[in-house]
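> any chance you can model this:
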Amino acid sequence: MKKLSMFLTSLAILSLALPASAGGAHGGTYLSVPSASISGDAVVVSWTGTPGNQQDWVTVVKAGTPDQEWGSWTYTNGAKDGRYTAKGLTTGDYEARLYYDYPKGGFKVIERLRFSVK
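Have a look, this model is predicted:
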């Protein structure tokens, strides 16, 4: 029992050092952001395993923003893996969102990942 407790404690500590990420419908990970960011610092949003449509896109918005609204954003330009740097974020809770194939895909959020800026 003591070994299990030590293992779980180690696992919890390790998870704090990893970037935040969310699992996609395919069982993998689409988005990741640093687990902690400081107000005014650039936040790098990474994506991986997307289909590679020219107009897949990533945006960063305040948490709770309707899905049809966007903040700073970029098209992936067909890159299945890549990253986008969001600048000028102030203290608060945010979401990184991934959308597929605009305008055909509309505003259906494929993946959302909440993170905080302190």
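> which residues in this protein form helices?
Along the chain, counting by DSSP state H, helices occupy 2-17.
> quick check: pLDDT value at Ala36.
Predicted confidence (pLDDT) for Ala36: 71.
> separation between it and Trp73?
Distance, Ala36 to Trp73, by C-beta to C-beta, to the nearest Å: 23 Å. C-beta: built from backbone N, CA, C; applies to glycine.
> now swap in Pro103 and tell me
14 Å.
> out of the two, which sits in the more crowded spot?
Each of Pro103 and Trp73 has its neighbours counted (other C-beta atoms under 10 Å); Trp73 has more, 16 against 7.
> tell me the contacts of Asp81?
Neighbouring residues of Asp81 by C-beta atoms under 8 Å, 6 or more residues apart in numbering: 46-50.
> dump those to TSV, plus neighbour count, distance to Gly64 and pLDDT.
Below are the contacts of Asp81 laid out as TSV (neighbours: other C-beta atoms under 10 Å; distance: C-beta to C-beta, whole Å; pLDDT from 0 to 100):
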residue	neighbour count	distance to Gly64	pLDDT
Ser46	18	23	96
Trp47	24	22	96
Thr48	16	26	95
Gly49	15	27	94
Thr50	23	25	93
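> of those, closest to Arg83?
Using C-beta to C-beta, Ser46 comes nearest to Arg83 of the contacts of Asp81, at 4.4 Å.
> pretty sure the closest one contacts Ser32?
Yes. Under the criterion of C-beta atoms under 8 Å, Ser46 makes contact with Ser32 at 4.8 Å.
> and the closest residue in space to Lys80 that isn't next to it in sequence, how many neighbours?
Excluding its sequence neighbours, the residue lying closest to Lys80 (C-beta to C-beta, 6 or more residues apart in numbering) is Gly52, at 4.5 Å. Gly52 is flanked by 13 other residues according to other C-beta under 10 Å.
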